[in-house]
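Undergrad: With the sequence up front, the predicted model follows.
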Amino acid sequence: MQENQTMVTEFILLGFDLGPRIRIVLFGLFSLFYAFTLLGNGVILGLIWLEPRLHTPMYFFLFHLAIVDIAYACNTVPQMLVNLLDPAKPISFAGCMTQTFLFLAFAHTECLLLVVMSYDRFVAICHPLRYSAIMGCSVCIILLISSWTCGSLLALVHMSLILKLPFCGPHEINHFFCEILSVLKLTCGDTRLNLFVIFIASVFVLVGPLFLVLVSYSLILVAILRIQSGEGRRKAFSTCSSHLSVVGLFFGSAIVMYMAPKSHHPEEQQKILFLFYSFFNPTLNPLIYSLRNAEVKGALRRALYIEIHSQLE
């Protein structure tokens, strides 16, 4: 390390280059979306926890997907809201590294959970008579623990490589949170190994899982077309279309960010994509599952009816 280089102890998140009035408007808008994210996913957690009819493997995984979405939003959105009000407020080096680790862990875990959920739907539709035997309690727990463990270990690998690099200035991150690629641009060391590991991890948690999901739903589509009952076919399509909507939003935006060719203005484009990826996806997931899923809507109506009836008494 050169003598005129100093160690970085904090970073400034530049966010979006906007005027004060636009920042205030965005602060209000994003605060509403953040509140809706917490409320929507919280309602799903409450319904699945309280409604015995939703105590099935599919809703077991949906319960943990909602937990990941809440954690996802809580990791990035509060810092973004703070920066909208006070752009010059720094984030400590330790805080930045923690935010990067949590973002990676939650992102990897969500990718793997979506694959597990597609496998659950494959077994339910293609092997309905063996569903209870295949997707038993122990199997669901193993799949869940494996998703969290693999996601956390992959994030730990990224962080161990980042922490070996020297950070010696500048200290301004051109992003609204400590995203790994933006953080790597501030190092004064060789980042080729880091970028290679990021690419390999992207193949492992994006391309590989997306391929498995598409294979699962191709087999599911064939099985659905063989269903004789129109009601059974409609129910199967409704459940699977909800999951495919989430998969398309999540994997589509992630692959564009990490694997698509960069444009002439990659940094601004990446920030907009990350805004959708880490902010709007957790907000949209509860809407997709509640509006497209008859069982969730039924559980919500029953919960509201019980609440209203208890108040009237």
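TA: That came through, no problem.

Undergrad: Which parts of the stretch 1-150 of the chain are helices?
TA: Assignment of helices within the stretch 1-150 of the chain using DSSP state H, counting those that start in this stretch yields the ranges 20-50, 57-85, 93-126, 131-134, 137-162.

Undergrad: Return the set of buried residues in the shortest one.
TA: Under the neighbour-count criterion of 16 or more other CB atoms under 10 Å, helix 131-134 has residue 131 buried. Where you see a C-beta, it was placed from the backbone N, CA and C, and this is true even at glycine.

Undergrad: Can you name every helix or strand that it contacts?
TA: helix 93-126 (3 or more CB pairs under 8 Å, 6 or more residues apart in numbering; DSSP states H and E).

Undergrad: and the helix it packs on, how far out from the chain's middle?
TA: The chain centroid and the centroid of helix 93-126 are separated by 6 Å, computed with CA atoms, centre = their mean, to the nearest Å.

Undergrad: relative orientation of it and helix 57-85 in degrees?
TA: When axes from the mean of the first three to the mean of the last three CA atoms, to 10 degrees is applied, the directions of helix 93-126 and helix 57-85 differ by 150 degrees.

Undergrad: Buried ones in helix 93-126, by neighbour count?
TA: For helix 93-126, by 16+ other CB under 10 Å, it's 93, 96-97, 99-126.

Undergrad: can you give me the helices in the stretch 151-300 of the chain?
TA: So, for the stretch 151-300 of the chain - with DSSP H, counting those that start in this stretch - the helices run 180-184, 192-202, 208-225, 230-259, 266-275, 281-292, 294-312.

Undergrad: Now tabulate the helices of the stretch 1-150 of the chain in a markdown table and tack on distance to residue 276.
TA: Formatted as a markdown table, those follow (distance: least, CB to CB, whole Å):
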| stretch | distance to residue 276 |
| --- | --- |
| helix 20-50 | 11 |
| helix 57-85 | 12 |
| helix 93-126 | 13 |
| helix 131-134 | 35 |
| helix 137-162 | 21 |
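
Undergrad: of all those, which lies closest to residue 271?
TA: Smallest distance to residue 271 across these (CB to CB): 10.4 Å, for helix 57-85.

Undergrad: What are the buried residues along that closest one?
TA: 57-77, 79-81, 83-84.

Undergrad: same question, stretch 144-151
TA: Of the residues in stretch 144-151, 144, 147-148, 150-151 count as buried by neighbour count, 16+ other CB under 10 Å.

Undergrad: rank the helices of the stretch 151-300 of the chain by pLDDT, which is bottom?
TA: Lowest mean pLDDT within the helices of the stretch 151-300 of the chain: helix 294-312, at a mean of 65.

Undergrad: looking at the helices of the stretch 1-150 of the chain, which is closest to residue 240?
TA: Nearest of the helices of the stretch 1-150 of the chain to residue 240, taken as CB to CB: helix 93-126 at 5.7 Å.

Undergrad: same for the closest one, what does it pack against?
TA: Using 3+ CB pairs under 8 Å, 6+ apart, helix 93-126 is in contact with strand 10-13, helix 57-85, helix 131-134, helix 137-162, helix 180-184, helix 208-225, helix 230-259.
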